[in-house]
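Visitor: Would you be able to build a 3D model of this:
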Amino acid sequence: MKRVSVAVTNDLIADNRVHRTCLSLVEAGYEVTLTGRRYRDTPAVNPRPYKMHRMHLLFRKGPLFYAEYNLRLFFRLLFSRPAIILSNDLDTLPGCVAAASLTRTTVVYDSHEYFTEVPELAGRPQIRKIWKWLEKILVPRVQAAYTVCDSIAEIYSSEYGIRFDVVRNLPLPVNLETRNAADRLVSERPSIIYQGALNLGRGLENAIKAMELIPEADLILAGSGDKEKELKEIAAGITSKNVFFKGRVPLEELADLTRSASLGISIEEDLGLNYRYALPNKLFDYLQAGIPVVVSNLPEMRKIVEHYQVGLIAGSNLPENLAETFRKALFDPVLRKSWEPGLNQAAKELSWENEKQRVLEIFTRF
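Guide: Predicted coordinates for the structure are as follows:
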């Protein structure tokens, strides 16, 4: 079997995209090893049908973290000598390309986002220049590349003159009998779920404030991030006390948590091209779970919601507007009934069973 080494900078707990890719490669006959990082407070990972290795690192963030991670990754790849290296995002690419250049190994690059346009770099022009410099050096040296949506693929292809395929963040299929959206409206306590990082530009500050205007429903935040402390302080200040932080939820539990919700939200702010063209995996996870969505008025997400007729597009991210939109999506029975056909169609079509063929086609080139 061809050995594939997959590299990420996270702790492997809740990365759905990478997990699905690894599963598909294993099913196709590849021997897969996923490498990430681990700290003392990192939770354990349930066994999976591929190998996992989490490096113990001294540094948690910043330049020293990326330098240590990529140096350790370089030596690991150098001595393990896989047939193919799958680099996930720009922050793993230095170690992957460096090792591949010495071992003549194929590098496949999966760009989960428009990395140099993330909001965290918007106010840090010097740091952004460094990442952009690395991107210009490294991306042209990969043998294949793909990203999450057409808009970002077109930008990368134009900028670097190489082909970027599109592999969307589609979830594994769920049995339709386990996800019936129609019955959720009659539950005693409707809930709104957000899954993903609690970081800058996710619209969560105003979503929490909006919940004070909807005391009869709950907001569940499944994830962690740089803004977690600030968001908890905002939640503590609202009188309705209906916002709950679940932290990072393992993949297996996250699917059940999502199916139990009445509505999913993806309300990123337009803070640069990365968010403007966002097509996050949580949107597809919501639809696969059979729950309607509220999304920001951004082109890629709007296209999905309008095509399948599965939710509402928020006119603005002001708390009052979000509260009105959330309330309508939660409690309008006619509207929710009208979304059922689209939810069923989206669940069938927007499934990893269909999308994974794009990944396998890329790998079979080598």
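Visitor: mind listing what's buried in the lengthiest strand in the chain?
Guide: Ordering each strand of the chain by length in residues (DSSP state E) puts strand 31-38 first. Neighbour counts over strand 31-38 (16 or more other Cβ atoms under 10 Å) mark 32-38 as buried. (Glycine included, C-beta is placed from N, CA and C.)
Visitor: Stretch 50-65 too?
Guide: 50, 52, 54, 65.
Visitor: likewise stretch 316-335?
Guide: 317, 319, 322-327, 329-330.
Visitor: Please apply the same query to stretch 252-266.
Guide: Result for stretch 252-266 [16+ other Cβ under 10 Å]: buried residues 254-255, 257-259, 261-266.
Visitor: so which of these would you say is closest to residue 243?
Guide: residue 265 (12.4 Å; Cβ to Cβ).
Visitor: what's the neighbour count on residue 126?
Guide: 7 (other Cβ atoms under 10 Å).
Visitor: That should have said residue 287, apologies.
Guide: Count around residue 287 with other Cβ under 10 Å applied: 30.
Visitor: Just give the nearest non-adjacent residue to it, would you?
Guide: Leaving aside its sequence neighbours, residue 287 sits nearest to residue 346 (Cβ to Cβ, 6 or more residues apart in numbering; 4.4 Å).
Visitor: for residue 360, same thing?
Guide: Here the residue nearest residue 360, using Cβ to Cβ, 6+ apart, is residue 28, at 5.4 Å.
Visitor: Break down the stretch 101-250 of the chain into its strands, ranges please.
Guide: 106-111, 144-147, 164-166, 191-195, 218-222, 243-245 (DSSP state E, counting those that start in this stretch).
Visitor: where are the low-confidence patches of the chain?
Guide: 175-188 (pLDDT under 70).
Visitor: Show me which positions of the longest helix along it end up buried.
Guide: Ranked by residue count under DSSP state H, the longest helix found in the chain is helix 62-80. Residues of helix 62-80 classed as buried under the neighbour-count rule (16+ other Cβ under 10 Å) are 65-66, 69-70, 72-74, 76-77, 80.
Visitor: Out of the residues you listed, flag the one nearest to residue 240.
Guide: Residue 240 lies nearest to residue 65 out of the buried residues of helix 62-80, by Cβ to Cβ, at 38.1 Å.
Visitor: Now the closest residue to residue 87 other than its chain neighbours: which helix or strand?
Guide: The shortest distance from residue 87 to any non-neighbouring residue, by Cβ to Cβ, 6+ apart, is to residue 96 (4.0 Å). Residue 96 is part of helix 93-103, with elements assigned from DSSP states H and E.
Visitor: which of the residues in that helix are buried?
Guide: By neighbour count on 16+ other Cβ under 10 Å, the buried set for helix 93-103 is 93-100.
Visitor: Now do that helix: which elements does it pack against?
Guide: Of the remaining helices and strands, those touching helix 93-103 by 3 or more Cβ pairs under 8 Å, 6 or more residues apart in numbering; DSSP states H and E are helix 62-80, strand 84-88, strand 106-111, helix 125-138.
Visitor: could you measure residue 344 against residue 288, distance?
Guide: As judged by Cβ to Cβ, to the nearest Å, residue 344 and residue 288 stand 11 Å apart.
Visitor: How about residue 100?
Guide: For residue 100, the distance to residue 288 equals 34 Å [Cβ to Cβ].
Visitor: Identify the residues contacting stretch 225-238?
Guide: With contact meaning Cβ atoms under 8 Å, 6 or more residues apart in numbering, stretch 225-238 is reached by 120, 197-200, 202, 204-205, 208-209, 211-212, 221, 243, 245.
Visitor: In the residues you listed, which residue is surrounded by the most others?
Guide: Result: residue 204 is most packed of the contacts of stretch 225-238 (other Cβ under 10 Å), 30 neighbours.
Visitor: Once you drop chain neighbours, what's closest to that residue?
Guide: In space, residue 204 is closest to residue 231, 5.6 Å off (Cβ to Cβ, 6+ apart).
Visitor: Quick one: neighbours of the one you found, just the number.
Guide: 19.
Visitor: Tell me how far it lies from residue 314.
Guide: 18 Å.
Visitor: One more: residue 142?
Guide: 37 Å.
Visitor: the more surrounded of these two?
Guide: The residue with more neighbours, out of residue 142 and residue 314, is residue 314; 25 against 21, by other Cβ under 10 Å.
Visitor: Wait, that one touches residue 269, no?
Guide: No - if you go by Cβ atoms under 8 Å, residue 314 and residue 269 don't touch, sitting 10.7 Å apart.
Visitor: ok, residue 302 - contacts?
Guide: 295, 313.
Visitor: go with 6 Å
Guide: Going by Cβ atoms under 6 Å, 6 or more residues apart in numbering, residue 302 touches residue 313.
Visitor: Domain-wise, how is this protein divided?
Guide: 3-169+353-364, 176-349 (automatic domain parsing).
Visitor: Now residue 277: phi and psi?
Guide: phi -100, psi 20 (degrees, to the nearest 10).
Visitor: If we ignore the residues flanking it in sequence, what's nearest it?
Guide: Nearest one to residue 277, counting by Cβ to Cβ, 6+ apart, is residue 151 at 3.9 Å.
Visitor: surely that neighbour meets residue 278?
Guide: No - with contact defined as Cβ atoms under 6 Å, residue 151 does not reach residue 278; the gap is 9.4 Å.
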